[in-house]
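for reference, the sequence and a predicted model appear below.
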Protein chains: 2
Amino acid sequence: MMPRIDAVDFFYASMPEITDEADGSQDALLVRVVAGDHVGWGECEASPLTSIAAFVAPASHGVCQPVSASVLGEHVDGQADIARIAALVARNSMDLLQAPHTFSGIEMALWDLLGRIREEPVWRLLGYTAAHAKTPYASMLFGRTPDETIAQGRSALERGFRAVKFGWGAFGAGTVAADIDHLHAAREAVGPDGILLVDAGQIWGEDVDAAAARVDALQDVRATWLEEPFHAEAYAAHAQLASLAATLRIAGGEGAHNVRMARNLIDYGGVGFVQVDTGRIGGIGAAKRVADYAELRDVTYVNHTFTSHLALSASLQPYAGLADHRICEYPAHPKRLAEDITRTHLVPDQDGLVHVPDAPGLGVDVDLAAVHPYLRDVEITVDGDTVFVSPEMVRP
Amino acid sequence: MMPRIDAVDFFYASMPEITDEADGSQDALLVRVVAGDHVGWGECEASPLTSIAAFVAPASHGVCQPVSASVLGEHVDGQADIARIAALVARNSMDLLQAPHTFSGIEMALWDLLGRIREEPVWRLLGYTAAHAKTPYASMLFGRTPDETIAQGRSALERGFRAVKFGWGAFGAGTVAADIDHLHAAREAVGPDGILLVDAGQIWGEDVDAAAARVDALQDVRATWLEEPFHAEAYAAHAQLASLAATLRIAGGEGAHNVRMARNLIDYGGVGFVQVDTGRIGGIGAAKRVADYAELRDVTYVNHTFTSHLALSASLQPYAGLADHRICEYPAHPKRLAEDITRTHLVPDQDGLVHVPDAPGLGVDVDLAAVHPYLRDVEITVDGDTVFVSPEMVRP
């Protein structure tokens, strides 16, 4: 009775128009894994067409095989099988760079499928005995002016958020003085007790001085963390900045596409918060290994999630049982698509806390009918053979 | 008179059958960049279909744009423009993991194009005043038996190679005793004066003890380096192994898909040789930055090349002027496709040395007519619109 993976279906959905905003909720690549009578759902982060190609591409050589080669036909009888399949992908797709994005969605779907078979939430399959509620933070762009930043932050507070992250926009690209004004506006917006987080979106590359020039102001406004000041692998720059800060901690990790990259950011970059995108790092199993390591190294684990509540649930499972890792990223202003993907939503309770679902698997139901209007119809042929075509329902 | 990039054409070629060997010469993704009347050629490493998708994929958001968005229409008036375009790709495709593979081939083609306009070899554009001949090593798989290993090594010596690298096959996966037999066979094959290199192909993951159990034997047979004992980003494991070795040095770097990853392997992994694949790290400019850093840190730079002589020339340019960095990887047993890609071949001279071409650009001519029989016909449609179709000559 060991189910085998019979099919992996990719649903590429997007808003009618994609803007240049740093808003990752504008499209989605949903993954449905079918094994016998069982179904599970996951979501890959970023560039749906490229991630589909990584599943169906003709092999280049022994360790540059498509993700499909390590997934289709494999048994999924338990957690160990998911780890085994992950190791197969890592080996057989070693030279296929996009593979971790593609596999992340598949891996989530395997946990969802297994949880539904076992009638257990994924966090319990991961070995946690309890799931602790998290304090969600609302991610928003800095306003064009400090007044806009204040208005945006206040709107988040009015919706019940006690933590707000501002980022991107013009922050870091202009003068230090302009950034200081925005930072004070941000603190004013969230009030004296609000948790204030700041995201620089890698704006300073490896320029430690540019980042250091903002540290005093960040500490004056009691920012909890400064996120991604530098390129994801610029560890020495992260460590230098961390050593210059007294109360401010450095955060990063969303760029990690395997466990080792996240660990390296902890070991060499000296981050205080490690932010893991379950849709990119290789899925829930990989993210859980980072959470275990973070716990060991007194670093706080945080999810990175900007899309649907399917992705949100998957991103909370890896640290659901870690009571001291309290903050979670919450898609506060997603595009309509991201809301429509699931029937289930992880709505904050009256205390403003988000609960990881107790229901089997990832505990959220995908609403494929609601996604239908957003679906994009992809076809890929090689030498006249169709190697990928969007699942039937996409076509009129 | 500043040429703009009018077109980027991808030619996906492969052998009729792709085997599971770790032989990267079984397929190729050639890139032709056209700017006004000028043309340049490059080659991307690995998974042609996925790398094409990264060029044409619909944007996901502001920093997950396809590579095309940062390339088409841009000026290429000089070296600074190539660096500027590289920075655009890094920013605009930050969340598109496959992008560095795609861009690497384009970047090479831009150097080739610029060199042809200037009538200068690329190494001179990079600031070198001389190009030093390199000692090529033949890469081969360990035999199934020690006798096979001896026979393979001898065939390389008969062809004039003074350096041989053995790797992959069963090495590292079986017993230490079996590996020791293979290592002694390898030394016997190359003779007392031959340069012997060993490639473990990441076989030990992060298991330092497994690798350490082979160090004495590697030193007994006077192996110059042990390559990729561990996963590419397992820096602590690399450093531990390096500290256990006396004469043996650790090599790695082919997995680096940006400059920082290669630098980190030097800084945290303690490698003695850094091996850079110009078709993966972001192209010639990125590889040159690694060569500069290696020189500074007393680490020896080596190219990683397994495919055509177009890729070989591109991989030699970044360290052509570094006289003390003498060894180069040379595709000793490529598939016929890899030989047919170029009319020009970098044939070792009577002393067995390989010379970086003196001719303008990359100094090799692509033979598109010879490639024709290998071309694969790809078409990608999104919502019925063709976003990619193989260049016209692919079709009958």
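Now that the structure is in, tell me what you want to look at.

right, and the helix or strand after the helix or strand A:Glu379 falls within?
Per DSSP states H and E: A:Glu379 is located in strand A:378-382. Moving toward the C-terminus from strand A:378-382, the first helix or strand encountered (DSSP H and E) is strand A:385-389.

and that following strand, how far out from the chain's middle?
Averaging C-alpha positions (C-alpha atoms, centre = their mean, to the nearest Å) puts strand A:385-389 29 Å from its chain's average.

same for that strand, what does it pack against?
helix A:48-56, strand A:378-382 (3 or more C-beta pairs under 8 Å, 6 or more residues apart in numbering or on different chains; DSSP states H and E). Every C-beta, even on glycine, is put in place using the N, C-alpha and C of the backbone.

anything in the shortest one near chain B?
Yes - with C-beta under 8 Å from any C-beta of the partner chain as the threshold, strand A:378-382 lies in contact with chain B, specifically through A:378-382.

I'd like to know which elements that strand is packed against.
Using 3+ C-beta pairs under 8 Å, 6+ apart: strand A:378-382 touches helix A:48-56, strand A:385-389, strand B:378-382.

between the ones you listed, which one is closest to B:Arg162.
Nearest to B:Arg162 among those is helix A:48-56 (39.7 Å), distances taken as C-beta to C-beta.

now the element after the lengthiest helix in chain A, going C-ward?
Ranked by number of residues, the top helix in chain A under DSSP state H is helix A:99-118. Sequence-wise, the next helix or strand beyond helix A:99-118 is helix A:122-125, with elements assigned using DSSP H and E.

how about that following helix as CSV, C-alpha atoms only?
These are the backbone C-alpha positions of helix A:122-125, laid out as CSV (Å, rounded to 0.1, in the frame of the first residue of the first chain):
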residue,chain,number,x,y,z
VAL,A,122,2.4,18.6,9.0
TRP,A,123,3.9,20.2,12.1
ARG,A,124,3.1,17.0,14.0
LEU,A,125,4.7,14.9,11.3
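
okay, now the sheet partners of whatever helix or strand comes next after it, with direction.
Tracing the chain C-terminally past helix A:122-125 and defining elements by DSSP H and E, one meets strand A:135-141 next. Each strand paired with strand A:135-141, and its direction, by DSSP bridges: strand A:163-167 (parallel), strand A:327-330 (parallel).

adding mean pLDDT, write these out as a markdown table.
Compiled in a markdown table, the strands paired with strand A:135-141 are given as follows (pLDDT from 0 to 100):
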| stretch | mean pLDDT |
| --- | --- |
| strand A:163-167 | 95 |
| strand A:327-330 | 97 |
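
run a quick neighbour tally on the residue of the stretch 101-250 of chain A found nearest chain B.
Distance from chain B to each residue of the stretch 101-250 of chain A (C-beta to the nearest C-beta) is smallest for A:Glu233, at 4.1 Å. Residue neighbour count, defined by other C-beta atoms under 10 Å in any protein chain shown, stands at 27 for A:Glu233.

please, which helix or strand holds the nearest residue to it once chain neighbours are set aside?
Distances taken as C-beta to C-beta, 6 or more residues apart in numbering or on different chains place B:Arg260 nearest to A:Glu233, at 4.1 Å, with adjacent residues excluded. In this structure, B:Arg260 sits in helix B:259-267 according to DSSP H and E.

give me the angle between that helix and helix A:259-267.
Calculated by axes from the mean of the first three to the mean of the last three C-alpha atoms, to 10 degrees, helix B:259-267 forms an angle of 70 degrees with helix A:259-267.

any idea which helix or strand comes after helix B:259-267?
Heading C-terminal from helix B:259-267 (DSSP H and E), you reach strand B:273-276.

and that following strand, which strands flank it?
Using DSSP bridges, the neighbouring strands of strand B:273-276 in the sheet come out as strand B:249-252 (parallel), strand B:300-303 (parallel).

bridging residues for A:Val34?
Beta-bridge partners for A:Val34, by DSSP bridges, are A:Ala7, A:Val39.

touching, it and A:Trp41? I think so.
No - here A:Val34 does not reach A:Trp41: they are 10.6 Å apart, not a contact under C-beta atoms under 8 Å.

more crowded one of those two?
Neighbour comparison, A:Val34 and A:Trp41: the larger count goes to A:Trp41, with 28 against 17 (by other C-beta under 10 Å).

can the strands paired with strand B:273-276 go into CSV with extra columns for mean pLDDT?
Supplementary listing: these in CSV, determined by pLDDT from 0 to 100:
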stretch, mean pLDDT
strand B:249-252, 98
strand B:300-303, 98
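
measure stretch A:167-184 end to end?
Across stretch A:167-184, the straight-line distance between its terminal residues is 14 Å, by C-alpha to C-alpha, to the nearest Å.

oh sorry, the question was meant for stretch A:341-357
The separation between the terminal residues of stretch A:341-357, taken as C-alpha to C-alpha, is 16 Å.

what comes up buried for it?
By neighbour count on 16 or more other C-beta atoms under 10 Å in any protein chain shown, the buried set for stretch A:341-357 is A:341-342, A:344, A:346, A:348, A:353-357.

which of these sit farthest apart?
Spatial extent of those (C-beta to C-beta) is set by the pair A:Ile341 and A:Leu353 at 22.6 Å.

list the contacts for the residue nearest the centre of chain A?
Geometric centre of chain A, nearest residue: A:Asp277, 2.9 Å, by C-alpha atoms, centre = their mean. With contact taken as C-beta atoms under 8 Å, 6 or more residues apart in numbering or on different chains, A:Asp277 is in contact with A:45, A:254, A:256, A:303-305, A:315.
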